[in-house]
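Participant: attaching a predicted model along with its sequence, questions to come.
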Amino acid sequence: MRGLRREGHRRRRLVRFLASGADNDTSRAKVGADLIPGFQTEVMGAYGYVRVDNPAPAAEFPLHTGMPPKGVR
């Protein structure tokens, strides 16, 4: 039951933050910056994704040598 209560906690905090007009208050920018990643993690988790804080460098793929995609010249 405790897990169910906690679900949506970050979302409610972010909505309250935005509804209070604090998003226009530069002195509270740090609070908003801390709420956004938590909200993103919660939403991604609801859809089965996992947020990675420090992803590995992107893999290098070979250059495309086939036909260009439609609409690209």
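Facilitator: Received it, and whenever you're ready, just let me know what you need.

Participant: distance of the residue lying closest to residue 50 once chain neighbours are set aside from residue 11?
Facilitator: Nearest non-adjacent residue to residue 50, counting by Cβ to Cβ, 6 or more residues apart in numbering: residue 44, 6.9 Å away. For the C-beta atoms, the positions are set from N, CA and C on the backbone; glycine is no exception. Distance check for residue 44 against residue 11: by Cβ to Cβ, to the nearest Å, it reads 12 Å.

Participant: hang on, the earlier thing: what number of residues lie near the residue nearest to residue 50?
Facilitator: Residue 44 is flanked by 13 other residues according to other Cβ atoms under 10 Å.

Participant: check which helix or strand it maps to.
Facilitator: Mapping residue 44 onto the secondary structure by DSSP states H and E places it in helix 29-46.

Participant: can you show me the CA trace of that helix as PDB?
Facilitator: The C-alpha coordinates for helix 29-46 follow below in PDB (Å, rounded to 0.1, in the frame of the first residue of the first chain):
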ATOM      1  CA  ALA A  29      15.000  27.600 -10.500                       C
ATOM      2  CA  LYS A  30      17.000  25.000  -8.600                       C
ATOM      3  CA  VAL A  31      13.800  23.500  -7.100                       C
ATOM      4  CA  GLY A  32      12.300  23.200 -10.500                       C
ATOM      5  CA  ALA A  33      15.400  21.800 -12.000                       C
ATOM      6  CA  ASP A  34      15.400  19.100  -9.300                       C
ATOM      7  CA  LEU A  35      11.700  18.200  -9.900                       C
ATOM      8  CA  ILE A  36      11.900  17.800 -13.700                       C
ATOM      9  CA  PRO A  37      14.300  14.700 -13.700                       C
ATOM     10  CA  GLY A  38      12.200  13.000 -11.000                       C
ATOM     11  CA  PHE A  39       9.000  13.600 -13.000                       C
ATOM     12  CA  GLN A  40      10.700  12.300 -16.200                       C
ATOM     13  CA  THR A  41      11.900   9.200 -14.400                       C
ATOM     14  CA  GLU A  42       8.300   8.500 -13.100                       C
ATOM     15  CA  VAL A  43       6.700   9.000 -16.500                       C
ATOM     16  CA  MET A  44       9.200   6.900 -18.300                       C
ATOM     17  CA  GLY A  45       8.800   4.100 -15.700                       C
ATOM     18  CA  ALA A  46       5.100   4.100 -16.300                       C
END
